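Enquirer: could you work out the structure for the sequence below:
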Amino acid sequence: MTDIEQIIFSQIKSIIANEELLIGRRGVLIPLKKAIIADGDIQNIIDLVVSDPSLSAHILWRTQMSHQEASIQSKPKTIKEALIRLGQVNIYRYAFSFYLKELFDELSQPYKKLVKGYWTLTESIAEDAIFLLHEMHETDIDNDELQTLCLFSVFGQIVALTAFARLEQDLKKSIPLSLVKSIIDEHQQSLTIEAFKTLGLDEELQKEFMIAHNLLDAKQIESSGLILRRVLSQKKLLLNPL
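Expert: Now for the predicted structure:
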């Protein structure tokens, strides 16, 4: 790594460690995290989510999508029903990904186009993984646990590109795309793991992400990470190819 690459890499890591620079609106996300860490009452968590109508609508849509093959009777019909079913961890994962995506429109080009492209890829990955899960029929894997994991399948690329956009804004000058690509390609795994840890995402999500990318062996025959691994392998996206 050249001196300039090392300097920029250090700056990118610093930005990734700062949730305020990566997430759009944090007015709900911060108290939601505090409530979950404190193992708060589910009604308090419900009140926090429904205080943002766009977030609550998004979460209801997400969980209905993950159960699209289920009967109408078994699908959650209200946000309260959906949140009670989801549990605290999945609620926070959905909320985090929602507010992360919300910031995309504020990014400068070409980063806005690139992160939106990665998000389109993310949606495709989630759709394929849920389809595989439904094909399995007899399984204890939770639909929403799988879908929330899928939303972080190319998390490192999205977070790194967002950080580069923020850095350009601070520097008030563009960074060569060849340098951006070089740093992301070379340090994708370390930047991703760094983001999971510094942004306070749950350990189970980190573990299943590692399993999905073939960086960690699964201790169970079935896991959401193993299903996602099949999809990522087909799309040639594994950090550690099979």
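Enquirer: quick check: which element contains the nearest residue to A218 once chain neighbours are set aside?
Expert: Leaving aside its sequence neighbours, A218 sits nearest to I211 (C-beta to C-beta, 6 or more residues apart in numbering; 4.9 Å). Every residue, glycine included, has its C-beta placed from N, CA and C. Element membership of I211, judged by DSSP states H and E, is helix 203-212.
Enquirer: next up, the contacts around I175.
Expert: By C-beta atoms under 8 Å, 6 or more residues apart in numbering, I175 lies in contact with I8, F164, L167, E168.
Enquirer: run the chain-centre distance for the host helix or strand of the last one.
Expert: The one in question is E168. Per DSSP H and E, E168 falls inside helix 155-171. Distance, stretch centre to chain centre, for helix 155-171: 16 Å (C-alpha atoms, centre = their mean, to the nearest Å).
Enquirer: helices or strands up against whichever helix or strand comes after that helix?
Expert: Once the chain leaves helix 155-171, the next helix or strand it forms, by DSSP H and E, is helix 177-198. Packing partners of helix 177-198 (3 or more C-beta pairs under 8 Å, 6 or more residues apart in numbering; DSSP states H and E): helix 3-16, helix 155-171, helix 203-212.
Enquirer: buried residues in the shortest one?
Expert: For helix 203-212, burial by neighbour count (16 or more other C-beta atoms under 10 Å) applies to L205, Q206, K207, E208, F209, M210, I211, A212.
Enquirer: what is the end-to-end distance of stretch 211-229?
Expert: With C-alpha to C-alpha, to the nearest Å as the measure, stretch 211-229 spans 7 Å from end to end.
Enquirer: so what touches that stretch?
Expert: Under the contact criterion C-beta under 8 Å, 6+ apart, stretch 211-229 has outside partners 125, 129, 132-133, 136, 139-142, 145-146, 149-150, 153, 189, 207-210, 232-233, 238-242.
Enquirer: so for that stretch, what gets flagged as buried?
Expert: So for stretch 211-229, counting by 16+ other C-beta under 10 Å, buried means 211-215, 218, 223-229.
Enquirer: with stretch 171-183 instead?
Expert: Buried residues in stretch 171-183, counted by 16+ other C-beta under 10 Å: I175, V180, S182, I183.
Enquirer: from R85, how far out is the first one?
Expert: Using C-beta to C-beta, to the nearest Å, one obtains 44 Å as the distance from I175 to R85.
Enquirer: got it, and the last one?
Expert: Note on I183: its distance to R85, by C-beta to C-beta, is 40 Å.
Enquirer: for L161, same thing?
Expert: 33 Å.
Enquirer: ok, these two, which is more surrounded?
Expert: Between L161 and R85, counted using other C-beta atoms under 10 Å, L161 has the larger neighbour count: 23 against 16.
Enquirer: related to what we said a few turns ago, filter the contacts of stretch 211-229 to the buried ones?
Expert: Buried subset of these (neighbour count, 16+ other C-beta under 10 Å): 125, 129, 133, 142, 145-146, 149-150, 153, 207-210, 232, 238-239.
Enquirer: picking up where we left off before, what about the contacts of I175, which one has the most neighbours?
Expert: That'd be F164 among the contacts of I175, by other C-beta under 10 Å, with 27 neighbours.
Enquirer: list the contacts for L29?
Expert: Counting by C-beta under 8 Å, 6+ apart, L29 makes contact with I23, A95, F96, Y99.
Enquirer: dump the residue contacts of the second one.
Expert: By C-beta under 8 Å, 6+ apart, the contact list for A95 reads V28, L29, L32, V49, L55, I59.
Enquirer: can you tell me how far the third one sits from V50?
Expert: Okay, so that is L32. 12 Å.
Enquirer: which one's more surrounded, the two?
Expert: L32 (25 against 16).
Enquirer: look up phi and psi at the residue nearest to K207 when sequence neighbours are not counted.
Expert: Counting by C-beta to C-beta, 6+ apart, L216 is the residue found nearest to K207 once chain neighbours are left out, at 6.7 Å. L216 has phi and psi values of phi -150, psi 140 when expressed as degrees, to the nearest 10.
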